[in-house]
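Trainee: Sequence first, predicted model second:
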Amino acid sequence: MSNEVENGAVAAQAEGAQRPVVQPVQVHVKDDDAIACYANFCRVTGSPEELIVDFGLNPQPVGVPKDPIQVKQRVIMNFFTAKRLLAALQMSVQRHEAVFGVLETDIQKRLRVPNQGQ
């Protein structure tokens, strides 16, 4: 759901549905020059005005890496955009888990082999 539709629906509910709900807006995106990269590591830092999300590849995902993780991409955004991103990611993960099951983020739990004899 786009932010424009979401904000319109909330505003209409807040005003007792006195004004019509905002219709979805078609946003055109040009992604011809986008570069796709894989990341299995992210770090979030920031300031009171901005959020900084660094992405990289951890060649040793189990345990403490021996070598430093190289950050290959950095996304800087304001907190409004970060909140919209959070909502979009949450919705996407919920849909994925509804189809494929809960995602375990603790790698130690994922690596445990169940007892086969019991």
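Mentor: Done, it's in.

Trainee: switch to C-alpha atoms for all contacts and neighbour counts from now on
Mentor: Noted.

Trainee: Under a three-state scheme, what state does the spatially most central residue of the chain occupy?
Mentor: With distances taken as CA atoms, centre = their mean, the residue of the chain nearest its centroid is L89 (3.7 Å). The three-state label given to L89 by DSSP: H, G, I helix; E, B strand; the rest coil is helix.

Trainee: cool, and L51?
Mentor: Here L51 is recorded as strand under three-state DSSP.

Trainee: Then the one 10 residues further on?
Mentor: State at P61, reduced to three classes by three-state DSSP: coil.

Trainee: The chain: strands as residue ranges?
Mentor: 41-46, 50-57, 70-78 (DSSP state E).

Trainee: can you put those strands in CSV and add mean pLDDT, distance to D33 and mean neighbour count?
Mentor: Putting those into CSV (pLDDT from 0 to 100; distance: least, CA to CA, whole Å; neighbours: other CA atoms under 10 Å) gives the following:
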stretch, mean pLDDT, distance to D33, mean neighbour count
strand 41-46, 95, 23, 13
strand 50-57, 96, 19, 18
strand 70-78, 95, 15, 14
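
Trainee: Including distance to L85, could these go into CSV?
Mentor: What follows is the strands of the chain, written out as CSV (distance: least, CA to CA, whole Å):
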stretch, distance to L85
strand 41-46, 13
strand 50-57, 12
strand 70-78, 10
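
Trainee: Q108 is nearest to which of those strands?
Mentor: Evaluated with CA to CA, the strands of the chain place strand 41-46 nearest to Q108, the distance being 16.1 Å.

Trainee: now the closest one against strand 70-78, angle please.
Mentor: 40 degrees (axes from the mean of the first three to the mean of the last three CA atoms, to 10 degrees).

Trainee: which sections of the protein are below the confidence cut-off?
Mentor: Low-confidence segments of the chain, defined by pLDDT under 70: 1-17, 113-118.

Trainee: how about the helices in it?
Mentor: 3-14, 79-100, 107-111 (DSSP state H).
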